[in-house]
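[1] here are the coordinates; sequence isn't available:
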């Protein structure tokens, strides 16, 4: 067996989530609870009836590639040749890292706290990986100078997720500018920025930065999973300079061949209307208001809810997040994810998702507050 | 960039196929031309209406894993834990090779003529690859002794596709037995057999061998792409010993997370009836009879049509297959695939697919026969 695969530990997130019972309040879940819009599927069904579900080109249906590029209209990335359609943003990121990084010499810099996938994917490909942690004292705000301090001569790419899973922070425009200008001033081979935009449609601040707008060597990954409650459909994409896409398509072609044609037609219908990708935005905004009210009522310390659909809550000093998450699911029937699943910077915190029905989210937060007020310090 | 990705050449198959015109007779296509059964999709649509399209577990929906394992009922591989559902058989093979082979020491043995994916996937992962060619004089019949002669101390796995794309040959039971017994007698670490069964439902001989029935260290990859005209749906699986699946699921989890839930429900409906996976078998049998008649009428030398939906046709001595394929599409408006795309053993041959309407297949074969009778030898 490949020792790199053997070395992958089991998922801490799944380990905690597996303790969920039918009665549990689920604040662990990383997927929308809304039902998707039926019209998107009916459109895809009409295509099946008329044309079946043939392969598309490896890079995806030309009309979908064009629709995606035009929707985002990032400078220099605004036509179909800038898009490779993938099996969700997970394959988008996997193919991006595989295409970009030479295992013999390149290093990936991961901005933490972060979803564990970037580090695991790099390990799977034998690529060296370095992490740089945003600070608890800053509520994990993206800090360009801290990120830049993590860059070495071997760094070929920096990956960050904004809006962020898990911290809910959004990269601010001024920090993006600092980052871009500093990278542009570097000598030698340029450093790529990989912007995971999976929570783009859950952005609740006005100064959100899109790296593709301010730095030419940017690769964007995204999908319709979170925006349109289509997590299980596995429809994502890479948006990048054409010369990069040409290489990425070759890797993608041998990993999954092409993306599900049915799912591509669902996506075509989402992008057919200007606001299709934002169809659930008002629901998230409303849900967020209720969550902020509950967090304030119970005086829980939390990182600002700039984006995504998570809230990171600080445990009492000395409480280990895995102990707390286990205690909460076993004894208080609330599922949360321990901060330690996202890097050591988030130890002492819990990640709550807030996509369950609002009364359950409120009750869950109340139980967590009661727990935080009384929990013993971990031995 | 990763030099392994850069080094992947463009696809020879696509290069020829891109010269197709609207008027062309298409004998190049590797996908069924039938429309899929609508009831499979309606079942999946009911699931979407009721439950949306949430993530499944990484390894797939437990009911689908169980249905697949029970349908094939291979010894020791007959329960859900033996299955990992993937984005088509392409991801199944990619994840299998990545999980099984240690790039630092293992070698893959590919039985040629073969679809180019195995060699390309190994290259992508930095795994050494050796090929062993079946003989033109045997019409490319699978020959266990020749395969065994290709095994070295470093060989960790042998991959073969039966029924075979491109040769249409099927591994016979007596040859499978020779192969299995010889591998069992070897000392040291066992050699895995990877059986690509993608054309299993297009088998036209009685002595077809299924390696999972005669050798315990067998991994099977398959999908509903070819059996049910669902190529674009990207729904495949790995069927293997549980200890292997446990490792493979970890790799799969970071490559694509999980497979499209909609597609998994289409597959659940296919497997809900005992004959769902064979629903197009009689159409293929009938089509094959017409092809055999046309090949005989025009006295074209071809490999026996044991399985799959291809016919390999011998060109005149000295004619290069790429020249012939280019000439045929440019001057005779018939798309075929040059044998050289499948390894040097098939140089001097063309692969024809025979899934186009039967009158087009007949006309295409007539034009190829006329071409073969008059074609100049390549310079």
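    Arrived safely. Everything numeric here is computed off the predicted structure, so don't read it as measured data.

[2] Now whatever residue of the stretch 101-250 of chain A ends up closest to chain B: closest residue in space, sequence neighbours ignored.
    Nearest residue of the stretch 101-250 of chain A to chain B: residue A:232, at 3.2 Å (CB to the nearest CB). From N, CA and C alone the C-beta is placed, and that goes for glycine too. Excluding its sequence neighbours, the residue lying closest to residue A:232 (CB to CB, 6 or more residues apart in numbering or on different chains) is residue B:261, at 3.2 Å.

[3] can you give me the helices in the stretch 151-300 of chain A?
    A:173-185, A:211-214, A:242-255, A:261-272, A:281-297 (DSSP state H, counting those that start in this stretch).

[4] Let me see the domain layout of chain A.
    A:3-34+A:280-374, A:38-277 (automatic domain parsing).

[5] Which of the ones you listed sits closest to residue B:108?
    domain A:38-277 (13.9 Å; CB to CB).

[6] how about the residues of the stretch 151-300 of chain A near chain B?
    A:229-234, A:244, A:247-248, A:250-251, A:253-263 (CB under 8 Å from any CB of the partner chain).

[7] Need the pLDDT of residue A:14.
    pLDDT for residue A:14: 81.

[8] wait, is it part of a helix?
    Yes. Under DSSP: H, G, I helix; E, B strand; the rest coil, residue A:14 sits within a helix.

[9] Please report the distance of it from residue B:109.
    According to CB to CB, to the nearest Å, residue A:14 stands 36 Å off from residue B:109.

[10] ditto for residue A:163
    Counting by CB to CB - residue A:163 and residue B:109 are separated by 48 Å.

[11] Same question for residue A:54.
    33 Å.

[12] And the pLDDT for residue A:188?
    On the pLDDT scale, residue A:188 gets 87.

[13] How many residues are close by it?
    By other CB atoms under 10 Å in any protein chain shown, 6 other residues sit near residue A:188.

[14] Once you drop chain neighbours, what's closest to it?
    residue A:153 (7.7 Å).

[15] Distance of that neighbour relative to residue A:187?
    Taken as CB to CB, the span from residue A:153 to residue A:187 is 10 Å.

[16] For the helix or strand of chain A with the lowest mean pLDDT, buried residues please.
    Ranked by mean pLDDT, DSSP states H and E, the weakest helix or strand in chain A is helix A:12-17, scoring a mean of 85. By neighbour count, with 16 or more other CB atoms under 10 Å in any protein chain shown as the criterion, the buried positions of helix A:12-17 are A:12, A:13, A:16, A:17.

[17] is chain B contacted by the helix or strand following that helix?
    Proceeding N to C from helix A:12-17, the next assigned helix or strand is strand A:25-26, under DSSP states H and E. No. Using CB under 8 Å from any CB, strand A:25-26 stays clear of chain B, with a minimum separation of 12.0 Å.

[18] Okay, now the sheet partners of strand A:25-26, with direction.
    Paired strands of strand A:25-26, with direction, are strand A:334-335 (parallel) (DSSP bridges).

[19] Counting neighbours, which bits of stretch A:166-174 end up buried?
    A:166, A:167, A:168, A:169, A:170, A:171, A:172, A:173.

[20] give the contact list for residue A:207.
    Residue A:207 makes contacts with A:170, A:172, A:173, A:174, as judged by CB atoms under 8 Å, 6 or more residues apart in numbering or on different chains.

[21] scratch that, residue A:28 is what I was asking about
    By CB under 8 Å, 6+ apart, the neighbours of residue A:28 are A:13, A:16, A:17, A:20, A:335, A:336, A:337, A:353.

[22] Of those residues, just say which sits nearest to residue A:58.
    Closest to residue A:58, out of all of those and judged by CB to CB, is residue A:13, at 31.5 Å.

[23] so that closest one touches residue A:337, yeah?
    Yes. Shown here, residue A:13 and residue A:337 form a contact pair, counting by CB atoms under 8 Å, at 5.6 Å.
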